[in-house]
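*Asks:* Structure for the following, please:
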Amino acid sequence: MLNEHILASSETAIRQLALERLRPFGEKPVSKAAIDACCSVLAAEGTLRVPSLIVRCRISDRGVTTDIVVDKAISRWRLSEGLLAFLSRALSHFPGRAEFLIVLSDNLYPSEAMLPRLCEHFDNVPFLRCDWNDRNPDSLKAIPIPDFHIQQSSYTEVFASIATARGQYPFDRRQRKAFWRGSLSGPQHATRENIQSFPRYKVLDVARTVPSMIDARLTNYDDIATRDRDGKIRAHLRQRFGELAAHVPEPGLMAHRYAISIDGAVAAWRRVPVILAAGCVLLLQHQWKQFFYPGLLPWKHYVPIQTDVSDLLDKYAWLEDHPAEAEAIASTGHAFAMRFLTPDALESYFARTLRGISFEASVD
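*Replies:* Here you go, the predicted structure:
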């Protein structure tokens, strides 16, 4: 009964955020002219400091059509492998018509001079993205949706495998370490001078000093390779943290009691849903939020950690000293994932979002 009460509270919080972001489009129709004008501004030279893949989507009884407004080749897989397939599945829950813009890169990078004008456009045009940050004004105007990694069919397969195997990993028999694997992305492009300020670097540093408590390793240098042409960043990382670790498939999280999620360039996206589904205690550092974060309650669904991870060892010690409470957090987090983060739940959420921007005037 307690979990059901918490889940009901979570559902209310998630819906309230969605309604708040959708409210402008329930008060007035979305017009083609407004979307045209926003596209022109986004594509104009000087609007964005760095290109982001921005796509215009039209949904009607004839299916889905897309036009690239601003291109970024490295992000195109998110359109072909993520969004289009996800839309085709979600449309079984949505019989209407809609038109919107969506950013498929990690972030939007407006110039300071153009930011106020863009925010004005986003008051009149549905602009979808995977996360937001309270310090990032344009992201606060966006309508949050499931991220591109949990849109993929591979997420469906991983979620199913975790659900099937979870019973084989009782909480009290799991490894008593806080686990993390990933790449060294951060709030800025990595340089030798700034990487030590990245939250992920700080986690790696803690793990280096107490490997019996924190098992954190890099698995690739993908986020730094293009800007580390002389190899100095990689040399520093090898010297400090050792060679790269092998990638651990996501179901492997179930071998651990605790798992860490740390922001990279933006939110960690798929990592949080998988940790919760696996029945681990989620140790969460974040400044970026995803569509379901309003429903996550600290100390009920997860254990919060500071951006500088200075409290990570204290939180680990508390969990070790309170195993019953730790298991309850893991169980409540798992129940959250099974209610809000299943593939069907994600598609239904997205369909409800589309209904909030569905107007005949939007596809004229």
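
*Asks:* where's Asp138, which helix or strand?
*Replies:* helix 137-140 (DSSP states H and E).

*Asks:* outside of that helix, which residues touch it?
*Replies:* For helix 137-140, the surrounding residues in contact (Cβ atoms under 8 Å, 6 or more residues apart in numbering) are 108, 110, 115, 118-119, 122, 129, 131-134. (Glycine included, C-beta is placed from N, CA and C.)

*Asks:* Apply 10 Å and report the result again.
*Replies:* Applying Cβ atoms under 10 Å, 6 or more residues apart in numbering, the contact partners of helix 137-140 are 21, 103, 107-110, 114-116, 118-119, 121-122, 127, 129-134, 266, 288-289.

*Asks:* Within its sheet, name the partner strands of the helix or strand following that helix and how each one runs.
*Replies:* Next helix or strand after helix 137-140 toward the C-terminus (DSSP H and E): strand 143-144. Strand 143-144 has its sheet partners listed here by DSSP bridges as strand 127-129 (parallel).

*Asks:* Contacts for the partner strand, please.
*Replies:* Under Cβ under 10 Å, 6+ apart, the answer for strand 127-129 is 21, 35, 38, 42, 52, 54-55, 57, 83, 100-108, 118-119, 121, 138-139, 141-145, 147, 266, 291, 350, 353-354, 357.

*Asks:* Show the buried residues in these.
*Replies:* 21, 35, 38, 42, 52, 54-55, 57, 83, 100-108, 118, 121, 138-139, 141-145, 147, 266, 291, 350, 353-354, 357 (16 or more other Cβ atoms under 10 Å).

*Asks:* Output the helix holding Asp138 as CSV, restricted to C-alpha atoms.
*Replies:* Included here for helix 137-140 are C-alpha records, laid out as CSV according to Å, rounded to 0.1, in the frame of the first residue of the first chain:
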residue,chain,number,x,y,z
PRO,A,137,16.4,29.2,-19.9
ASP,A,138,15.7,27.7,-23.3
SER,A,139,15.4,24.2,-21.9
LEU,A,140,12.8,25.5,-19.4
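
*Asks:* Centre of the chain to that helix, how far?
*Replies:* Centroid displacement of helix 137-140 relative to its chain, using Cα atoms, centre = their mean, to the nearest Å, is 16 Å.

*Asks:* do stretch 208-227 as well
*Replies:* With Cα atoms, centre = their mean, you get 20 Å for stretch 208-227.

*Asks:* again, but for stretch 109-122
*Replies:* 23 Å.

*Asks:* can you pull the buried residues of the helix or strand hosting Arg238?
*Replies:* According to DSSP H and E, Arg238 maps onto helix 232-241. By neighbour count with 16+ other Cβ under 10 Å, helix 232-241 contains the buried residues 233-234, 237, 241.

*Asks:* Let me know the next secondary structure element after it.
*Replies:* By DSSP H and E, the next helix or strand past helix 232-241 is strand 256-262.

*Asks:* in its sheet, what does that following strand sit against?
*Replies:* strand 175-182 (parallel), strand 281-285 (parallel).

*Asks:* Using JSON lines, please lay out these together with distance to Tyr258.
*Replies:* Output for these, formatted as JSON lines (distance: least, Cβ to Cβ, whole Å):
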{"stretch": "strand 175-182", "distance to Tyr258": "4"}
{"stretch": "strand 281-285", "distance to Tyr258": "5"}
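
*Asks:* Any chance of JSON lines for those strands, columns distance to Gly46, mean neighbour count and mean pLDDT?
*Replies:* Shown next, in JSON lines, are those (distance: least, Cβ to Cβ, whole Å; neighbours: other Cβ atoms under 10 Å; pLDDT from 0 to 100):
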{"stretch": "strand 175-182", "distance to Gly46": "34", "mean neighbour count": "21", "mean pLDDT": "97"}
{"stretch": "strand 281-285", "distance to Gly46": "34", "mean neighbour count": "25", "mean pLDDT": "98"}
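
*Asks:* closest one to Thr209 among the ones you listed?
*Replies:* Closest approach to Thr209 among the strands paired with strand 256-262 (Cβ to Cβ): strand 175-182, 13.3 Å.

*Asks:* what packs against the next helix or strand after that closest one?
*Replies:* Sequence order places helix 199-209 as the next helix or strand after strand 175-182, per DSSP H and E. Secondary-structure packing of helix 199-209 (3 or more Cβ pairs under 10 Å, 6 or more residues apart in numbering; DSSP states H and E): strand 175-182, strand 214-218, helix 232-241, strand 256-262, strand 281-285, helix 312-321.

*Asks:* could I get those as CSV with distance to Ser331?
*Replies:* Below are the helices and strands packed on helix 199-209 laid out as CSV (distance: least, Cβ to Cβ, whole Å):
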stretch, distance to Ser331
strand 175-182, 17
strand 214-218, 22
helix 232-241, 33
strand 256-262, 12
strand 281-285, 10
helix 312-321, 14
